[in-house]
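In: Predicted model and sequence below, questions to follow.
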Amino acid sequence: MNIRLNARRGRNTKILATLGPASSEREKIRELYESGADVFRLNFSHGTHDDHRKRYEAIRDLERETGRPIGILLDLQGPKLRLGRFAAGKQQIEAGQAFRLDLDPSPGCSRRAPLLHPEIFSAIKPGHDLLIDDGKVRLRIVSCSHNFAETIAINGGMLSDRKGVNVPGSILPLSALTEKDREDLSFGLELGVDWIALSFVQCPDDLIELKSIVDGRARVMAKLEKPSAIDFLDAIIEQADGIMVARGDLGVELPAEQVPLLQKRIVRACREAGKPVVVATQMLESMISSPTPTRAEASDVATAVYDGVDAVMLSAESASGSFPIEAVSMMDRIIKAVESDPLQRKMMNAVSHRKTESATDAICAAIRTVADVLPVVATVAYTSSGATTLRVAHERPRTPILSLTPNVHVSRWLTLIWGIHSVCASDVCNIEEMVDNAVSAADLHGFSVPMLPLVVVAGTPFGVSGSTNLMRIVWPNSVAANIAGVSAEEVHAKTSGQGLQMRDPYFEFAH
């Protein structure tokens with residue numbers, strides 16, 4: 001399959017695919033993109049900087065080849081709380097037995113283990129639980145101090161070296177950014193990634209710290225994987241540029257039956273706030289080792305699409321599984337099937353973006369009304385910062401959204417957003433040029449239908465961020481000719497070729 005400049009996905013919900021050992025070769029990345037991946041995730045919990053640099057360069061080469069912007073998300077590892085080592089390498093723990101955790105670095109045994117994280121002991125209290133190895137072993141704290149905890153095993157299991165520790169119900173006094181994260185962040189920003197995902201977010205201050213470092217060079221996404229973050233949900237959404245529902249870790253620290261409820265709550269809050277939201281973890285988990293998903297997994301993906309999320313994510317399915325291409329193709333097919341169901345739009349529209357008394361909100365809300373009255377085939381949004389296009393997208397219009405921006409970095413981060421076909425194009429100086437470029441871009445990228453109108457949204461003065469105040473309905477070709485009193489041939493000549501001053505994708509992406 002050859003990706004063309006005007007290639008359209010035919011769906012609104014985006015696919016975020018993680019790269020890893022099973023998908024690092026250039027040809028494999030191309031196949032993932034051709035199969036439907038819109039944005040690629042570089043998971044810095046695994047791999048070296050050299051590994052990620054090669055993947056980054058392969059994506060940018062593919063971008064130049066196809067002429068289409070491709071988003072890249074850097075996922076920071078975050079703090080990892082782990083047990084120390086055991087004298088025998090591993091130890092069986094029986095339900096009901098006493099077990100001690102402390103700051104003594106000497107190897108553990110059947111009665112104790114090192115836990116070299118003083119921040120844990122400063123936060124826990126009697127009655128709290130500690131979860132070891134994704135909750136396979138649950139320890140309840142009987143007594144504790146600043147350097148130890150006496151516990152009882154609620155359920156038994158095998159403990160071994162360096163197993164992870166979760167501390168549900170406590171806010172730990174540590175930064176979400178470790179020294180490793182700071183090095184990885186610097187490296188990623190130097191490369192030019194488009195999104196930064198922050199793990200272990202507990203409160204809004206975690207995001208403020210990261211955003212001060214990023215300083216606008218990328219968009220910041222908060223991963224909600226700690227129950228404590230839910231207590232600050234609205235404030236975290238306000239600070240973040242996007243939200244990821246990291247269900248795997250949420251499911252470790254919360255009862256399984258609570259995770260679907262939280263997913264619904266988070267998605268709704270993001271939709272109302274007009275912030276992008278991604279649902280992640282175990283969406284097609286069985287496809288790590290099977291060429292087909294379970295029916296429950298297909299329904300899980302469908303649920304997120306019915307709710308109107310911006311993107312769904314593949315983790316191990318595309319990073320280390322045996323069927324990465326099949327997993328992306330399957331997710332693509334599920335999304336298209338669900339979006340073809342009339343019920344999907346009704347369910348998605350049950351939640352809408354909260355509107356403010358602004359020209360931007362008024363115009364973006366009017367787009368839906370115009371599309372209900374006229375047979376509009378696409379909305380063309382001009383944007384400098386991405387704000388106009390983002391606002392249009394969160395209105396979830398019936399029409400596809402063609403986003404035109406002179407900023408290549410903006411064109412890339414918008415590839416994660418619902419319904420957007422992002423294009424890097426020349427800026428415009430006046431309304432006539434705006435209309436000409438919009439018509440030509442719609443035609444070039446396969447959005448035009450003869451005799452049917454486009455809606456064009458922009459801000460004046462042109463090139464000023466946050467100034468959306470203009471909506472224009474445009475009839476290309478024959479209908480426009482009748483209105484303007486000129487021949488269809490003259491209109492076609494004007495809007496073909498020279499009318500659209502598209503930037504050379506290879507030149508733009510190479511720089």
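Out: Thanks, I have the structure now.

In: if we look at whichever helix or strand Val455 is part of, which residues are touching it?
Out: Assigned by DSSP states H and E, Val455 falls within strand 454-459. Contact with strand 454-459 is made by 360, 363-364, 367, 370-371, 376-382, 384, 388, 392, 399, 428, 434-435, 438-439, 442, 447-448, 466-476, as judged by Cβ atoms under 8 Å, 6 or more residues apart in numbering. C-beta: built from backbone N, CA, C; applies to glycine.

In: how does it look with 6 Å?
Out: With contact meaning Cβ atoms under 6 Å, 6 or more residues apart in numbering, strand 454-459 is reached by 367, 370, 376, 378-382, 434, 438, 442, 467-474.

In: and these, which are buried?
Out: The neighbour-count test (16 or more other Cβ atoms under 10 Å) marks 367, 370, 376, 378-382, 434, 438, 442, 467-468, 470-471, 474 as buried among those.

In: Take the residues you listed and keep only those in strands.
Out: 378-382, 468, 470-471, 474 (DSSP state E).

In: Return the member of those nearest to Leu131.
Out: Ala381 (45.5 Å; Cβ to Cβ).

In: sec struct for the residue lying closest to that closest one once chain neighbours are set aside, please.
Out: Closest residue in space to Ala381, ignoring its immediate chain neighbours: Thr389 at 4.4 Å, by Cβ to Cβ, 6 or more residues apart in numbering. Counting by DSSP: H, G, I helix; E, B strand; the rest coil, the backbone at Thr389 sits in helix.

In: List the contacts of Thr389.
Out: 381, 383, 403, 414, 420.

In: let's see 10 Å
Out: 364, 379-383, 401-405, 410-411, 414, 417, 419-420, 422, 457, 468 (Cβ atoms under 10 Å, 6 or more residues apart in numbering).

In: Domain parsing of this structure, as residue ranges.
Out: According to automatic domain parsing, the chain comprises the domains 14-78+176-340, 90-166, 359-510.

In: now the first one: mean pLDDT?
Out: Going back to what we said before, that points to domain 14-78+176-340. Domain 14-78+176-340 shows a mean pLDDT of 96.

In: After the host helix or strand of Ala269, heading C-terminal, what element do we hit next?
Out: Secondary structure from DSSP H and E places Ala269 in helix 259-273. Using DSSP H and E, the helix or strand that follows helix 259-273 in sequence is strand 277-280.

In: Report the strands that pair with that next one, each with its relative direction.
Out: Strand 277-280 has the following sheet partners, assigned by DSSP bridges: strand 242-246 (parallel), strand 311-314 (parallel).

In: Serialize the ones you listed to TSV and add fields for distance to Leu224.
Out: TSV is the format used below for the strands paired with strand 277-280 (distance: least, Cβ to Cβ, whole Å):
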stretch	distance to Leu224
strand 242-246	6
strand 311-314	13
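
In: In a markdown table: those, plus distance to Pro324 and mean neighbour count.
Out: A markdown table is the format used below for these (distance: least, Cβ to Cβ, whole Å; neighbours: other Cβ atoms under 10 Å):
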| stretch | distance to Pro324 | mean neighbour count |
| --- | --- | --- |
| strand 242-246 | 20 | 26 |
| strand 311-314 | 8 | 26 |
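
In: Measure how buried His128 is and give me the count.
Out: 18 (other Cβ atoms under 10 Å).

In: quick one: it and Leu139 touch, right?
Out: Yes: with contact defined as Cβ atoms under 10 Å, His128 and Leu139 form a contacting pair (9.5 Å).

In: For those two, list the residues in contact with both.
Out: Joint contacts of His128 and Leu139 (Cβ under 10 Å, 6+ apart) are 149, 151.

In: Quick check: pLDDT value at Thr415.
Out: Confidence score, pLDDT, at Thr415: 98.

In: ok, now how distant is Val305 from Glu357?
Out: Computed as Cβ to Cβ, to the nearest Å, the Val305 to Glu357 distance reads 32 Å.

In: which stretches of the stretch 51-200 of the chain form helices?
Out: Along the stretch 51-200 of the chain, counting by DSSP state H, counting those that start in this stretch, helices occupy 118-123, 179-191.

In: nearest to Asn166, of the ones you listed?
Out: Closest among those, using Cβ to Cβ: helix 118-123, at 10.2 Å.

In: Now do the contacts for the residue nearest to the spatial centre of the chain.
Out: Centroid check for the chain by Cα atoms, centre = their mean gives Val278 as the closest residue, at 4.6 Å. Applying Cβ under 10 Å, 6+ apart to Val278 gives the contacts 14, 16, 39, 41, 73, 195, 197, 221, 223, 242-246, 267, 270, 304, 309-313, 416.

In: thinking again about what came up before, which of the buried ones among the contacts of strand 454-459 sits closest to Ala153?
Out: Nearest to Ala153 among the buried ones among the contacts of strand 454-459, with distances taken as Cβ to Cβ, is Ala381, at 57.1 Å.

In: just checking, the closest one touches Ala393?
Out: Yes: at 8.5 Å, Ala381 counts as touching Ala393 under the criterion of Cβ under 10 Å.

In: Please enumerate the shared neighbours of these two.
Out: By Cβ under 10 Å, 6+ apart, the residues touching both Ala381 and Ala393 are 364, 401, 403, 414, 420.

In: would you say Ser299 is within a strand?
Out: No: counting by three-state DSSP, Ser299 is not found in a strand; it is helix.

In: So what's the residue count around it?
Out: Counted with other Cβ under 10 Å, Ser299 comes out at 13.

In: my guess is it meets Ala337, correct?
Out: No: checked against Cβ under 10 Å, the pair Ser299 and Ala337 is beyond contact range at 11.5 Å.

In: I figured Thr360 hits Ser467, correct?
Out: Yes: with contact defined as Cβ under 10 Å, Thr360 counts as touching Ser467 (8.4 Å).

In: overlap in contacts of these two?
Out: 387-388, 459.

In: And those residues, which is the shakiest by pLDDT?
Out: Gly459 (80).

In: Adding secondary structure, write the shared contacts of Ala381 and Ala393 out as TSV.
Out: Formatted as TSV, these follow (three-state DSSP):
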residue	secondary structure
Cys364	helix
Ile401	strand
Ser403	strand
Leu414	helix
Ile420	strand
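
In: Give the burial count for the spatially closest residue to Ser199 that is not a sequence neighbour, as a bare number.
Out: Excluding the flanking residues, the one nearest Ser199 by Cβ to Cβ, 6+ apart is Gly78, at 2.9 Å. Using other Cβ under 10 Å, Gly78 is surrounded by 24 other residues.

In: ok, now Ala176?
Out: 23.

In: What of the one 4 residues further on?
Out: Here the count is done by other Cβ under 10 Å, and Lys180 has 15 residues near it.
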